[in-house]
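> This is a predicted model, with the sequence first.
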Number of protein chains: 2
Amino acid sequence: MFRSLFFVVAALVAQVFTIPAPLEAQAPQVGTQAPGYYRMQLGRLEITALYDGAIQIDTKLLHHIETTDLDTLLSRMFVGKPKMQTAVNAYLVNTGKHLVLIDAGAGTLFGRNLGFIRKNMEASGYTPEQVDVVLLTHMHGDHLGGLIDKGGKPVFPKAIIRAAQAEGDYWLSKEVAAAAPKGRQHAFAIAREGAAAYQAKNKWQPFAEGTEVLPSIKAMKAIGHTPGHTAFAVESEGQKLLIWGDIIHAHAVQFIRPEVSIEFDVDQQQAVTTRKALLAEVASSGALVAGMHLPFPGLGHVRADGEGKYGWVPIEYAPLAATAKP
Amino acid sequence: MFRSLFFVVAALVAQVFTIPAPLEAQAPQVGTQAPGYYRMQLGRLEITALYDGAIQIDTKLLHHIETTDLDTLLSRMFVGKPKMQTAVNAYLVNTGKHLVLIDAGAGTLFGRNLGFIRKNMEASGYTPEQVDVVLLTHMHGDHLGGLIDKGGKPVFPKAIIRAAQAEGDYWLSKEVAAAAPKGRQHAFAIAREGAAAYQAKNKWQPFAEGTEVLPSIKAMKAIGHTPGHTAFAVESEGQKLLIWGDIIHAHAVQFIRPEVSIEFDVDQQQAVTTRKALLAEVASSGALVAGMHLPFPGLGHVRADGEGKYGWVPIEYAPLAATAKP
């Protein structure tokens, strides 16, 4: 009697507390993003866009525009304000002979939302050890921070690092740094630290503007944002890509209003002049563009819309064309 | 003497024939694209865009537009002609309780450039076996072909398949098919075959328009392209996403000229009416949109540009916000 009652109670308890067999499968949310790389073929060259992350830039740092105009331009592109999401990209060019990284992202400099070049390079099938040459568009922290790890050691142990002569002359000069406002001296220290790790191994090699730094890659003077800011013109089998560095920071604003500059431009007026010239050039030539602060992967075309205005047309995601392989 | 000569010769031979230590590392080109998925959080829901591939659509299939106007619109968006690259996307919604696939891509129906939903779903961290429910915006081959494999067997063995009642009434009717022109009868056969594999297991469940087919997912009548074409309004914690199926096929053309229809629209006039209504609605509400033929990942916002014209603003690639997780 007690025994059978025990079993009845036990059965009831089991019914209440055991998990019923699910009627529907419940898959846990995966919660991870697709890896931050994008690949394309440019003639015989393989180009890989790498995502370093994104920073939130205060739109107040944009100059030469009324607040109401600024709000209109940001709203029409659904860009947040007062902080706008701004991508940081780098580009890997595999020429078949050289594996060339153009810019290196922020590394550990600017917090946990940046510094993913290594991770995304590895996801894309390459390692930092395979990189022969790093070309720098300029020596700001979000382009050169990724050259070294937290301990100041080279991330690219076999690579030679190259920036324009004028760029190194500016950022690596203790005299220029000493003459700069206190608030800006940190930027010089960052540049010196990034370069030092490679200078110590005789792997820091400035280039002259206008030279072909490697077969298929020409350094184009594009100063203003910094004194040695460089765009790299990449070409293979008639296909052209201009990796233009920091010609545009706010895509929603500066394509339509190229006269808008940003606080970080060392020479505001020259930055505007250079932007206008390059926009006109790529709109005319139809060259593909890669931009370090354009929405990832930062690859696309520029369209002239008249009256000094331009439009940005991102490329469409596509598989690699098998026929374009070398 | 002979022995030492032998060593000299051997050393010379070795010098000539052994591979010299490379001065530069030569990394082989990887040659693969980043996986075709993109993830975002919508309130408590996880949304994953899946890329099925791309088809080349002849621009002559667009109606109600002059050739010169068409050329201008395609050129300004750098879209190729006379064949325009057109993505095929599907969307996975993980509600936490259900794993819902909205459309299934082309499967094996349309050649080797389509049919990558399974591969990209797996790359994104899910398997077809985990899918509970497949909702179809409509029953064209590039949306339902992926339901079955080459042998006609279900790709989603546990899933219930749901399309609008009016959609099944049309595509599964032998009478309607018999009355259609010969050249269009293949489309009916494809629809019947896709449905049959699930009807046989009692897993084909039509829904009525305007109903909440699942918690957070409402079926909205959006007919014209097909007689039961459905948009799915997804909402969580005030965030809205309209997965609108085939409201736009040619993004470079139909946002600016919504009156342009495409050959595949069963009711051309109604398709235009529905497109205009939905464009106005999402431009006004600010809801995020997902489109099966918009450039992958097909997620973005619609902006009203006045005079019945609209602009498409793709979302910017971003990591998943940790705070948005359920």
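Structure received. Residues are numbered from 1 along each chain as shown, chains lettered A, B, ... in the order given.
> When you work out contacts or count neighbours from here on, use the C-alpha atoms and nothing else.
Noted.
> dump the residue contacts of A:Thr48.
If you count contacts by Cα atoms under 8 Å, 6 or more residues apart in numbering or on different chains, A:Thr48 has them with A:37-40, A:91-93, A:124.
> let's go with 10 Å and repeat that
The contact partners of A:Thr48, by Cα atoms under 10 Å, 6 or more residues apart in numbering or on different chains, come to A:37-41, A:90-94, A:101, A:121, A:124, A:297, B:30-31, B:33-34.
> Just those: which are in helices?
Among the contacts of A:Thr48, the members falling in helices are A:Met121 (criterion: DSSP state H).
> From the contacts of A:Thr48, list the buried ones, please.
Neighbour-count burial within these applies to A:37-41, A:90-94, A:101, A:121, A:124, A:297, B:31, B:33-34; the criterion is 16 or more other Cα atoms under 10 Å in any protein chain shown.
> what about stretch A:240-250, distance to the chain center?
Relative to its chain's centre, stretch A:240-250 lies at 10 Å (Cα atoms, centre = their mean, to the nearest Å).
> Can you give me the first-to-last residue distance of it?
End-to-end span of stretch A:240-250 (Cα to Cα, to the nearest Å): 24 Å.
> middle-most residue in chain A, spatially?
The C-alpha lying nearest the average C-alpha coordinate of chain A belongs to A:Asn89 (Cα atoms, centre = their mean; 1.3 Å).
> Spit out the contact partners of that one.
Residues counted as contacts of A:Asn89 (Cα under 10 Å, 6+ apart) are A:36-37, A:49-54, A:102-106, A:116-117, A:142-143, A:245, A:290-298.
> Which ones among the contacts of A:Thr48 lie within strands?
With strands identified by DSSP state E, the entries of the contacts of A:Thr48 that belong to them are A:37-41, A:90-94, A:101.
> Next, format these as TSV and append pLDDT and distance to B:Trp171.
Compiled in TSV, the ones in strands among the contacts of A:Thr48 are given as follows (pLDDT from 0 to 100; distance: Cα to Cα, whole Å):
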residue	pLDDT	distance to B:Trp171
A:Tyr37	98	41
A:Tyr38	98	39
A:Arg39	98	40
A:Met40	97	40
A:Gln41	96	41
A:Ala90	98	49
A:Tyr91	98	48
A:Leu92	98	49
A:Val93	98	49
A:Asn94	98	50
A:Leu101	98	53
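> Next, format the residues you listed as a markdown table and append distance to chain B.
A markdown table is the format used below for the ones in strands among the contacts of A:Thr48 (distance: Cα to the nearest Cα, whole Å):
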| residue | distance to chain B |
| --- | --- |
| A:Tyr37 | 6 |
| A:Tyr38 | 6 |
| A:Arg39 | 5 |
| A:Met40 | 8 |
| A:Gln41 | 8 |
| A:Ala90 | 15 |
| A:Tyr91 | 14 |
| A:Leu92 | 11 |
| A:Val93 | 9 |
| A:Asn94 | 6 |
| A:Leu101 | 12 |
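> Quick one: residues contacting A:Gln205.
Counting by Cα under 10 Å, 6+ apart, the residues that A:Gln205 touches are A:135, A:160-165, A:168, A:195, A:198-199.
> Now that we have those residues, which of them are buried?
Among those, those that count as buried by neighbour count (16+ other Cα under 10 Å) are A:135, A:160-164, A:168, A:195, A:198.
> will you turn those into a markdown table that also has pLDDT, secondary structure and distance to chain B?
Output for those, formatted as a markdown table (pLDDT from 0 to 100; DSSP: H, G, I helix; E, B strand; the rest coil; distance: Cα to the nearest Cα, whole Å):
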| residue | pLDDT | secondary structure | distance to chain B |
| --- | --- | --- | --- |
| A:Leu135 | 98 | strand | 15 |
| A:Ile160 | 98 | strand | 10 |
| A:Ile161 | 98 | strand | 13 |
| A:Arg162 | 98 | strand | 15 |
| A:Ala163 | 98 | coil | 19 |
| A:Ala164 | 98 | strand | 22 |
| A:Gly168 | 98 | helix | 24 |
| A:Ala195 | 98 | helix | 21 |
| A:Tyr198 | 98 | helix | 17 |
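> For PyMOL, write a command that selects the buried ones of the contacts of A:Asn89.
A single PyMOL command is used to select the members of the contacts of A:Asn89 judged buried by 16+ other Cα under 10 Å:
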select buried, chain A and resi 36+37+49+50+51+52+53+54+102+103+104+105+106+116+117+142+143+245+290+291+292+293+294+295+296+297+298
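> What about the contacts of A:Asn89, which are in helices?
Secondary structure of the contacts of A:Asn89 is defined by DSSP H; positions in helices are A:117, A:142-143.
> Show me the helices in chain A, by range?
Under DSSP H, chain A gives helices at A:2-17, A:67-76, A:117-123, A:141-144, A:165-171, A:174-179, A:185-199, A:251-254, A:268-285.
> just those helices: most buried one?
helix A:141-144 (a mean of 25; mean count of other Cα atoms under 10 Å in any protein chain shown).
> Under the pLDDT cut-off, which ranges of the stretch 1-150 of chain A? List them.
A:1-25 (pLDDT under 70).
> and with 90 instead?
The stretch 1-150 of chain A contains residues with pLDDT under 90 at A:1-26.
> picking up where we left off before, I'd like the ones in helices among the contacts of A:Asn89 written out as JSON lines, with distance to chain B added.
Shown next, in JSON lines, are these (distance: Cα to the nearest Cα, whole Å):
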{"residue": "A:Ile117", "distance to chain B": "14"}
{"residue": "A:Asp142", "distance to chain B": "17"}
{"residue": "A:His143", "distance to chain B": "19"}
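> Pipe those into CSV and attach distance to B:Val282 per row.
Rendered in CSV, the data for the ones in helices among the contacts of A:Asn89 read as follows (distance: Cα to Cα, whole Å):
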residue, distance to B:Val282
A:Ile117, 36
A:Asp142, 37
A:His143, 38
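> A:Glu212 is in contact with A:Glu235, isn't it?
No: assessed by Cα atoms under 10 Å, A:Glu212 is found out of contact with A:Glu235, at 11.0 Å.
> related to what we said a few turns ago, out of the contacts of A:Gln205, the closest to B:Ser284 would be?
When the contacts of A:Gln205 are compared for distance to B:Ser284 (Cα to Cα), A:Leu135 comes out closest, at 45.7 Å.
> quick one, what contacts that closest one?
When contacts are counted by Cα under 10 Å, 6+ apart, A:Leu135 touches A:91-92, A:100-104, A:143-144, A:159-164, A:205-207, A:213, A:219, A:230, A:232.
> and what of A:Asp132?
A:Asp132 is in contact with A:94, A:97-101, A:156-161, B:23-27, counting by Cα under 10 Å, 6+ apart.
> Need the residues touching each of A:Glu212 and A:Glu235.
Between them, A:Glu212 and A:Glu235 share these contacting residues under Cα under 10 Å, 6+ apart: A:Lys218.
> More neighbours: which of the two?
A:Glu235 (19 against 16; other Cα atoms under 10 Å in any protein chain shown).
> ok, and the closest non-adjacent residue to the more buried one?
Computed as Cα to Cα, 6 or more residues apart in numbering or on different chains, the closest residue to A:Glu235 that is not its neighbour in sequence is A:Ser216, at 5.3 Å.
> what number of residues lie near that neighbour?
Counted by other Cα under 10 Å, the residues lying close to A:Ser216 total 16.
> Which positions in the stretch 151-300 of chain A make contact with chain B?
For the stretch 151-300 of chain A, the residues found near chain B under the criterion Cα under 10 Å from any Cα of the partner chain are A:158-159, A:286, A:294-297, A:300.
> How about the contacts made by the nearest residue to A:Val30 once chain neighbours are set aside?
If the residues on either side of it in the chain are set aside, A:Val30 comes closest to B:Gly125, at 6.3 Å by Cα to Cα, 6+ apart. If a contact means Cα under 10 Å, 6+ apart, then B:Gly125 has A:28-32 as its contacts.
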